Each structure stands twice: as C-alpha cells, then as structure tokens.
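Colleague: Got a sequence here, can you build the structure:
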Amino acid sequence: MAKPNPLSMAAQVAESLKAPEKAKAVPPVVPAVAEPVPAKTTREGKRFLGYYVEPQRHDEIKQAALDEGIQIQELLRQAVDAWMEANGTEAVATVERRRARRAGKQ
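Modeller: Numbering: from 1, shown residues only. Coordinates of the predicted model:
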C-alpha cells in the first residue's frame, strides 16, 4: 500500500482553508502605529542585588514602603545607603584589601 503524498495533503488542507467566494471580503487589519516604548533607564548600567526574607518580614517591609509612599526597591536602596554612610569607609577598605590579596595570589 502506498503512503499518501504529504504535499498533496498539504494542498488539500490549504484548499480547505480558503474562504468561500460568497463571503464578503474583510479589509486587512492594519495595526496602529504605536509610539516606541522608552527603555527603562533606571536599571541601565546597574546590577541586581537581592536576598530572601521570611513572609512576615516581607509584609513588614512592604508596609513600611507603603507608609513612606515609595517602592520596596527604593526603601532598600535607602537602607543600604544609610548603612554605607555609617560603615562605608570601613566596608570599602575591606573590599579593597580583599581585592589586593586576590590579585597578589594570581
């Protein structure tokens, strides 16, 4: 028994999908020209930093951000900035010493 020719089957499917001639021609839908969406510049050149918290702690942080009228990301940025002001010089010096040690080993 011969296998059916897939090309003839494809032609039959294409023929069956053709619109009946009696149907009213519908003009093609032309999408409206949308203005280009501006790129998010707030993340450009930045790296992600995050950590996991317990659900209750997340709710507390979220409520604190709502109370301040800011996003969680901004609240965390302010917290890191405050920590850096208090410990920044020491933290930066520690990182620089660590980098120097690693560079010396290589």
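Colleague: low-confidence ranges in the protein?
Modeller: 1-11, 13-14, 16-17, 19-41, 106 (pLDDT under 70).
Colleague: what about the helices in it?
Modeller: In the chain, the helices defined using DSSP state H lie at 6-17, 55-68, 72-105.
Colleague: list the contacts for E44?
Modeller: Under the criterion of C-beta atoms under 8 Å, 6 or more residues apart in numbering, the contact list for E44 is empty. Quick note: C-beta positions are derived from backbone N, CA and C, even for glycine.
Colleague: Start at 844, not 1
Modeller: Fine by me, first position is 844 from now on; the one you just mentioned is E887.
Colleague: Next, it: phi, psi?
Modeller: Main-chain dihedrals, E887, degrees, to the nearest 10: phi -60, psi 130.
Colleague: Next: Y894.
Modeller: According to degrees, to the nearest 10, Y894 has phi -150, psi 160.
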